[in-house]
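need a structure here:
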Amino acid sequence: MMRVFIAENQTMLKTALTGILNLEDDIEVIDSAEDGRTALTKIRNLQPDIAILDIEMPKMSGLDVAEELFRDKKSISKIVILTTFAQADYFQRAVNAKVSGYLLKDSPSDELISDLYKIIAGHSIYAPELVTSLINLKKNPLSKREKDILRLVEKGLTTKKVAGQLFLSEGTVRNYMSTILDKLHAANRITAIQIAKKNDWI
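Numbering: from 1, shown residues only. Predicted coordinates:
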């Protein structure tokens, strides 16, 4: 019997998914949650065979939960992200957290069930749209030195302190920052940091 846990904050969708899965003779939805923090606690306690997580949930996102489970190394559950978000940066986070599946909510129900059986058998299943988006993910335009400078700026260091840490002149640091802003099409340092972090470039 495949023991499944569902984390989904939309009650109607959670109920529908539960009903569809419970129609299968060898699948049982053992519990559910509507926020990420509750889901994390229940998954750790129940150790389901598969935990299906939505991304957008209160308190903790599905990706946050997946990352926590990956970090603590205690969960034997296979994690499946089921979402409407076909975004490369989300997908990259899921891949880094070693999720077993990243599936889209608009997939047919019989396809979802088939994918769950494949995942429990040890396969990793990712929606083709997500694989394409990851391949097309923009490459980091920043050099190693530029990344070092931006990380220090993110920590709140002044130009003088950045220069001191990297053994550069203040003028050289300012030139690097100007180049960083140009590369990221950012109006200021704060925007540059936001862009770089969003794309996992620093």
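
who are the neighbours in contact with the closest residue to Arg151 other than its chain neighbours?
By the measure of C-beta to C-beta, 6 or more residues apart in numbering, the closest residue to Arg151 outside its immediate chain neighbours is Ile202, 5.3 Å from it. The way it works is simple: take the backbone N, C-alpha and C, and place the C-beta from them, glycine included. The contact partners of Ile202, by C-beta atoms under 8 Å, 6 or more residues apart in numbering, come to 142, 147, 150-151, 154, 193, 196.

Leu46 reaches Val29, doesn't it?
No. Counting by C-beta atoms under 8 Å, Leu46 does not reach Val29; the two are 11.3 Å apart.

so the two - more neighbours on which side?
Val29 (20 against 13; other C-beta atoms under 10 Å).

do you know how far Ile20 is from Val80?
Per C-beta to C-beta, to the nearest Å, Ile20 is found 14 Å from Val80.

if I pick the residue most central in space within the chain, what's in contact with it?
Geometric centre of the chain, nearest residue: Arg93, 3.3 Å, by C-alpha atoms, centre = their mean. With contact taken as C-beta under 8 Å, 6+ apart, Arg93 is in contact with 63, 66-67.

just the ones of those in helices?
Within the contacts of Arg93, residues falling in helices by DSSP state H are 63, 66-67.

what's in contact with the one helix or strand Thr18 maps to?
Thr18 belongs to helix 11-22 when assigned by DSSP states H and E. For helix 11-22, contacts defined as C-beta under 8 Å, 6+ apart pick out 4, 6, 8, 27-29, 32, 34, 52, 82, 105, 109, 112-113, 116.

right, and the helix or strand after it?
Sequence-wise, the next helix or strand downstream of helix 11-22 (DSSP H and E) is strand 27-33.

thanks again, I'm all set now.
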